[in-house]
Each structure stands twice: as structure tokens, then as C-alpha cells.
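> Below is the sequence, then the predicted model.
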Amino acid sequence: MPKPISRTFAALLFTAAPLALIAASPGHAQEADRFASVEIKAERLADGVAVLFGAGGNIGVSFGPDGTVLIDDQYAPLTGKIQAAVKDLGADPVKYLINTHWHGDHSGGNENLGAAGALIMAHDHVRERLVKGTDKVPPAAPAALPVITYHDGIKLHLNGDEVRVRHMKHAHTDGDSIVFWTKANVLHMGDLFFHKVTLPFIDLSSGGNARGILAAADKVLAMVDEDTKIIPGHGPVATKADLAAYRDMMKSVIAAVETAQGEGKSLAQVQAMKPAAQWDINPDAFIKGDAFVEAVYKSLQQPAHAEEHADGHSDQQAEGHAH
């Protein structure tokens, strides 16, 4: 089972930089040691479908006669171990790669896998954010960029399954995707779902919003059944009941914060109410109660996002774009 997200690991959460940059930074010896000691562990979920646990986001794997599909790829220094774990499953080298969003603990291996020949796919905003970078994350190398991007979603017909990739707008970030193997009945949620390891992380700086996470949970719950195996971004494989409990938690906290805002309470006053206390139970969690409540509070201060996006696409459109 994957371990809870530690505060040491949290420091690397957004890093998309190659190992050379990590090695040049303070504390690089400790981080190098962390990557050196990471084990990639596999759990088979269905015929030809598995999940890999390591350091960073959980990795989905589909393998069969049409080639190996990877969902997310953790950090660049782990690529070799991930490739070895894929081989141990009896799978061919990675042919297709889908990023659930742009954060470095889910896309850090893009450059390595892209250079090795993998075709990378992701939402439009993932490519845009990787191209631009931030003041802390350098722009990604060309080999790390998604070659196929989409606005609403895309379907892949591979390895005897229909793989539905669907964008969930303005949730953890503005570029989140879920990936659903319809025949295998396995669904990867990326960081739209943190299971048993931490309270939700809402990246407001990347277009995230608490309302979007709640909406995504509702949409996924309408797609799955009691037998569906749900891969969270972090934490052990979950069930529909687990996701329903997560949705109910989001709904409860959002409602409490919204009511308090309507009464004119400040952020500090709402945090003092501890609306997330009953779920804030992991002392090593990356996101604790006050940080989660702050993100919800600030989310609710923002206007609801319009159906029409700045690029002219509506949420009902489904387009794939090759770059």
C-alpha cells in the first residue's frame, strides 16, 4: 500500500525539473536518496490493467497487443524503475502516455518517456502550463510536451477496451482528466481524489476550485458502479462507496464555509470553526484542515466559471488537436 504524503515529499510536489536541477539544489543529497530508495509496486486490477505505486501520483497501466498505455509517470529519476515495473507486468515499453494534469509528481517523467518514443496526450491546459512554467518550475523540454491535446475529452480503442478520457473543469487544476477503462471497469481520477492520505489539495494558482472537485466527484459517481476499481491520485485503490464518502465530505465542508461566508465571517473565523475537523485525522497529511478550508473559502469567493472558455470552445465540444 502507498504511504501517506509526507511533508518532505510535499516539497517536491510540483517539481517537473530534471534530476540535474534537483542535484544542484540545496538538500539534493537527501532527495536523491529518497528517489534511490523508492520501490515501484504493482497491483493488478483487471486483465491487462494495473496500478503502480511509488513516489508521486499513482500510475495506471494498460497493456496488451496494441501497446502499453501509461497514465501519469511520477518523477524523472524514477523512469527507469517505472519502465522495469512495466516490463515485470509482461508489458511492452510504453507507447502511449496520458497526463491527468500538469503537476510534476504526475508528469515529471514525460521528457524521458517522450524521448523514448511515447506519444503523450493531455488536456489543452496541461500543455499550456508545461510550456509556460512558473517562477518555481522551468518550462518543460519539447520532448515532455503532449503531442495530442483535447478540450473536452478523447476516446482510445486499445487492447480490447474503450478508454474514455474526460476533462473535469476547474477542479484540482484547470486541466484535470479522468481515464475510464469501460470493459475493465477501472477509473483513474488523478488528483481529483485523494484517498485516505490527505485532505484535498485545490491548486488555486492553476485554476483549481473546490466546486469543481465536488462536481467531478458527482460526475464520476454517475459513471461507475459498486464493482468499479477507482485509482486515486494518491492513496490506495478505492470503491464507489469510498468516492461517495469523499464527495459527501466535500459537500459538507463547502456548505459550512458557504454559510459562514454568507454570515460575513472572515477566513480566520471560518478556520476557527474547524469544519473539516472530523476528516483531518492524518498528522502527516500534505494538506491539513486550515489549508483545505482556506482553499474552499477562496474558491467560493470566485465567480462560477462560465460554460464557454476563452478559446471559444464550449464544454459540450470534444476536439483532439495535434501539435
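Arrived safely.
> This protein: helices as residue ranges?
According to DSSP state H, the chain carries its helices in the segments 7-10, 19-23, 28-37, 79-88, 104-107, 110-115, 124-132, 210-223, 240-262, 267-273, 289-301.
> out of the ones you listed, which comes closest to Ile59?
Among the helices of the chain, helix 79-88 comes nearest to Ile59, with 6.7 Å by CB to CB. From N, CA and C alone the C-beta is placed, and that goes for glycine too.
> what's in contact with that closest one?
By CB atoms under 8 Å, 6 or more residues apart in numbering, the list of residues contacting helix 79-88 from outside reads 38-42, 52, 54, 59, 61, 63, 68, 70, 73-74, 93-94, 109, 112-113.
> quick one: buried residues of it?
Buried residues in helix 79-88, defined by neighbour count with 16 or more other CB atoms under 10 Å: 79, 81-83, 85-86.
> ok so, going back, report the buried members of the contacts of helix 79-88.
Buried among the contacts of helix 79-88 by 16+ other CB under 10 Å: 38, 40, 42, 52, 54, 59, 61, 63, 68, 70, 73-74, 94, 109, 112-113.
> Go through those and name the one nearest Ser205.
Gln74 (21.6 Å).
> Count the neighbours of the spatially closest residue to that closest one that is not a sequence neighbour for me.
Spatial nearest neighbour of Gln74, chain neighbours left out: Gly56 (3.6 Å); criterion: CB to CB, 6 or more residues apart in numbering. If you count neighbours by other CB atoms under 10 Å, Gly56 ends up with 28.
> Report the separation between Gly56 and Trp279.
According to CB to CB, to the nearest Å, Gly56 and Trp279 sit 23 Å apart.
> same thing with Val179?
26 Å.
> With neighbour numbers in mind, choose between those two.
The neighbour comparison of Val179 against Trp279 (other CB under 10 Å) goes to Val179, with 24 against 19.
> related to what we said a few turns ago, most packed of the helices of the chain?
Among these, ranked by average contacts under mean count of other CB atoms under 10 Å, first place goes to helix 104-107 (a mean of 27).
> Help me confirm that Ala76 comes into contact with Ala115.
No - under the criterion of CB atoms under 8 Å, Ala76 makes no contact with Ala115, lying 10.9 Å away.
> what's in contact with stretch 288-303?
So stretch 288-303 is contacted by 199-202, 204, 208-211, 253-254, 257-258, 261, 267, 270-271, 274-277, 279-280, 287 (CB under 8 Å, 6+ apart).
> do that again at 6 Å, thanks
Around stretch 288-303, the neighbours that count as contacts under CB atoms under 6 Å, 6 or more residues apart in numbering are 199, 202, 204, 209-210, 253-254, 257-258, 261, 267, 270-271, 276, 280.
> mind checking how far that stretch is from the chain centre?
Distance, stretch centre to chain centre, for stretch 288-303: 19 Å (CA atoms, centre = their mean, to the nearest Å).
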